[in-house]
Every structure is written in structure tokens, then in C-alpha cells.
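Undergrad: Quick one, what's the 3D model for this:
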Amino acid sequence: MKKFISTISLLLIIYSTSTVAQSCLPEGIIFTSQFQIENFQTDNPGCVEIEGDVYIEGADIITLDNLIVLNSIVGYLWINNNPNLTNLTGLNGITSIGGYLKIRYNNALVNLAGLENLETIGGYLDIIGNESLNSLNGLENLSNITGDVRFGNVELTDITGLNSLSIIGGYLSIDYSGLVNLTGLENLLSIGGFLEIGFNQELTSLQGIININPESITDLYITENSSLSYCEIQTVCDFIDNPNGNIVIYDNSSGCNSQEEVEEACETVSIYEVLLAGNITSSPNPFSTSTTLSYELKQPETVQLSVFNQLGQIVYLHSEEQAQCKQQMQWDAQDQPEGLYYYQLQVGEHIATGKLVKVR
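TA: Numbering: from 1, shown residues only. Here you go, the predicted model:
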């Protein structure tokens, strides 16, 4: 009897050890059927991290629910040409993707529900040709993309869903979309390549990308957006005034139909004309312990200062009611490491951005 019990105990130990959470599949995996997805946990017991690449493409794939055990993918994730897949529920546990994320030609996909816990993408983000996709809801916690970002051939009306995205390591390209505005990108502070806005026939304003640091843009392309008339946002004006590379602007609506038109608009319209008089200065900058932003308000307003580190994480937030006069906001950064920081100063509905450098 004792020997029988010992045998059972040993089997339980072996079973428990074999099913402990672990990484798996260094060679990656290709899902081409619902049957494979339904059997993933049985075929790969204890697998929570796929070391290789993941490719999902199958005409009969309707749900990814049985992938709920995964918490990360070290390689890329390509979700391509799944005509009956309506959402990405089942990927809810994934917090990081080491390579790129491609979501292409899934014509029943209406949003990105299922990616709510995704925080970082180590490669690029490519969302193209999903003809029913009308929302990026599901990407609310995505804050950092190391590579390029491209949206194309989608019927999105705005980019709400990317509200936490602060840093793109590569270029940003938005083309052939149904966008009417760029709402959802207000917290994007920097990119690492060119900025391209093209062939978006319903787009009327670039207001949503107002906070991108112009020094992080290599080239600027604004072309063939037939309804686009408002381009004189601070990011664009500052880049044109001090370009890092090429400027190509044509075939948009009046007011944004050429570089000369945008330059003229930048001279006559200031992003601060309603609420701010003059420019914002930061002093000292670089600094070692604290720095002060100085400005002048034209009317009483609520002013909020946000400071972000290079990872896009907020390290300081303060707001207060201020009167019509010369004003200041101070950031005491003694508890922060040296390095580059980005600030957002919000006055009413207007937001100004800039860089702060902490040294020893």
C-alpha cells in the first residue's frame, strides 16, 4: 500500500514539473486552423512564453481564446488573412512582443480587443488592409514601439486607443485611411524617423500630433490629403523652421497645399495665441536639481505640467489654477536620474512640449 501511494506521489511530482510555467517553441509556431489553436495547451503544456515567431492565418480561425495562457512572445506576431476573426480575445495575457506585430487583411476584425495588456513592441507595428477595423481599442496600454509604425488601407476615423503611446523608435506613416483627425496621438512625444501623412481624403487637421518633438523627425511628407487644410501645428512649424531633412508638402487643401502655404500660416497663427503670450522658457536647462518653466497667461486658466522620461513613463504631474500674468511651474527632479526628459505644459485645451536635460 505504501509503495502504491509513493508511486502516485512520484507521478504527481513528475506531472507538476512537466506542466510548470515555461518558455517553449524556440523554432516558433504557425497556426493555420482552429483545431491547432484549440489543442495548443494540450500539445504544449505549461507554455506561457513562445521563444520563436508566431504566425496566425486560417480561413476557419474564429477565436484565439485557447492562447490565453501566453504572457509574451519573444519573436514576431503576424496575424494575417483570417477572414472570420472578429477580435483578438485570447491574447489578453501578452504584455510584450519582442519582434514586430503585423495585423493584416483580417476583414472581419472590428477592433483590437484582446491586446489590452500589451505594453511594448520590440519591432515595428503594421496595421494594413483590415477593411472592417474601425477602432484601435485594445492598445490602451501600449507605451513604447521600438520600430516603425504604419497604418494603411483602414477605415479608422481616429486613432483613439493609442493614448498611452509616447515613443516610436522608427518612422510614423499614416496613409490611405478614413481618418478625419489624429485624435489619440496627443501623448506621442517623439519618433525616430520620417513622418508621413498621405492619401487620407477625410483628414482635415494635424492637431493630434501636436506634441511630437520636431527634432525627433528626420523627414516630413504631407501629401494628397484632399481635405487637409490645418497643418500649422507647432510640431510642423518648428520642423519647417529648422528642418532635419526633406520637406514635401503638396496636393492637400488650401492652407496646406505647399510648404509656402504652411510657412505663411505658421507666421500668422500661434498655437498659444488664445491663452499664452510669448514663448515658454525653461531655466536652467540643462539643470542638476530643479528647473523652472516661465510663461505669460492672457487669461486665468488651469495649467498642468507633466514630465516624462525617455521610456515614456510619467515621472511628475502637477496642476493648479493660475491668474492672468507672468507665471511659472517648477520641477524638482532631485529624485530622478540624469538624462533626457520631455515636458508637456497644458493650458486649457492647448499643449506645449519641450525637452529638459538633467546633469550631475
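Undergrad: Tell me which stretches of the stretch 151-300 of the chain form strands.
TA: Along the stretch 151-300 of the chain, the stretches classed as strands by DSSP state E, counting those that start in this stretch are 167-168, 172-177, 195-198, 220-223, 247-250, 276-283, 290-297.
Undergrad: Pick the most deeply packed of those.
TA: strand 167-168 (a mean of 26; mean count of other C-beta atoms under 10 Å). The C-beta positions use only the backbone N, C-alpha and C, and glycine is treated the same way.
Undergrad: Contacts for that strand next, please.
TA: For strand 167-168, contacts defined as C-beta atoms under 8 Å, 6 or more residues apart in numbering pick out 143-145, 148-149, 188-192, 310-312.
Undergrad: nearest to residue 49, of the strands of the stretch 151-300 of the chain?
TA: strand 167-168 (24.1 Å; C-beta to C-beta).
Undergrad: Which residue comes closest to residue 281 once chain neighbours are left out?
TA: Using C-beta to C-beta, 6 or more residues apart in numbering and skipping the chain neighbours, the partner closest in space to residue 281 is residue 294 (5.0 Å).
Undergrad: hang on, isn't the one you found packed against residue 326?
TA: Yes: assessed by C-beta atoms under 8 Å, residue 294 is found in contact with residue 326 at 7.1 Å.
Undergrad: tell me the mean pLDDT over the host helix or strand of residue 356?
TA: Using DSSP states H and E, residue 356 sits in strand 350-358. For strand 350-358, mean pLDDT rounds to 80.
Undergrad: mean pLDDT for the strands of the stretch 151-300 of the chain: which is lowest?
TA: strand 276-283 has the lowest average pLDDT among the strands of the stretch 151-300 of the chain, namely a mean of 74.
Undergrad: what number of residues lie near residue 42?
TA: Residue 42 sits with 8 neighbouring residues when counted by other C-beta atoms under 10 Å.
Undergrad: That should have said residue 113, apologies.
TA: By the criterion of other C-beta under 10 Å, residue 113 has 18 neighbours.
Undergrad: same question, residue 96
TA: Number of residues near residue 96 (other C-beta under 10 Å) recorded here: 16.
Undergrad: ditto for residue 332
TA: Per other C-beta under 10 Å, the neighbour tally for residue 332 reads 11.
Undergrad: From residue 358, how far off is the closest residue in space to it that isn't next to it in sequence?
TA: In space, not counting the residues next to it along the chain, residue 332 is nearest to residue 290; the distance is 4.5 Å by C-beta to C-beta, 6+ apart. Taking C-beta to C-beta, to the nearest Å as the measure, residue 290 falls 9 Å from residue 358.
Undergrad: list residues touching both of the two?
TA: residue 333.
Undergrad: who touches residue 230 in this structure?
TA: Per C-beta under 8 Å, 6+ apart, neighbours of residue 230: 204, 205, 206, 207, 255, 256.
Undergrad: The nearest residue to the last one once chain neighbours are set aside and residue 181: what is the separation?
TA: Nearest-residue entry for residue 256: residue 231, 3.8 Å, with adjacent residues in sequence omitted and distances by C-beta to C-beta, 6+ apart. Residue 231 sits at a distance of 13 Å from residue 181 (criterion: C-beta to C-beta).
Undergrad: These two: who's more crowded?
TA: Legend: neighbour count by other C-beta under 10 Å for residue 231 and residue 181, higher for residue 231 (27 against 19).
Undergrad: Now the more buried one. Its backbone dihedrals?
TA: phi -120, psi -10 (degrees, to the nearest 10).
Undergrad: Tell me who's in contact with it.
TA: 206, 222, 249, 252, 255, 256, 262, 265.
Undergrad: now with 6 Å?
TA: Shown in contact with residue 231 (C-beta atoms under 6 Å, 6 or more residues apart in numbering): 206, 256, 262.
Undergrad: pLDDT, distance to residue 238 and neighbour count for these - can I get that in CSV?
TA: Shown next, in CSV, are the contacts of residue 231 (pLDDT from 0 to 100; distance: C-beta to C-beta, whole Å; neighbours: other C-beta atoms under 10 Å):
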residue, pLDDT, distance to residue 238, neighbour count
206, 91, 13, 24
256, 95, 16, 26
262, 94, 12, 25
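Undergrad: Tabulate those in TSV, adding columns for distance to residue 339.
TA: Shown next, in TSV, are those (distance: C-beta to C-beta, whole Å):
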residue	distance to residue 339
206	29
256	36
262	33
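Undergrad: which one of the strands of the stretch 151-300 of the chain lies closest to residue 154?
TA: So among these, strand 172-177 is nearest, using C-beta to C-beta, at 5.3 Å.
Undergrad: Give me the pLDDT for the residue nearest the centre of the chain.
TA: The chain has residue 165 as the residue nearest its centroid, 3.2 Å off, counting by C-alpha atoms, centre = their mean. Note on residue 165: pLDDT of 92.
Undergrad: Against residue 159, how distant is it?
TA: Taken as C-beta to C-beta, the span from residue 165 to residue 159 is 9 Å.
Undergrad: any shared contact partners between those two?
TA: Joint contacts of residue 165 and residue 159 (C-beta under 6 Å, 6+ apart) do not exist.
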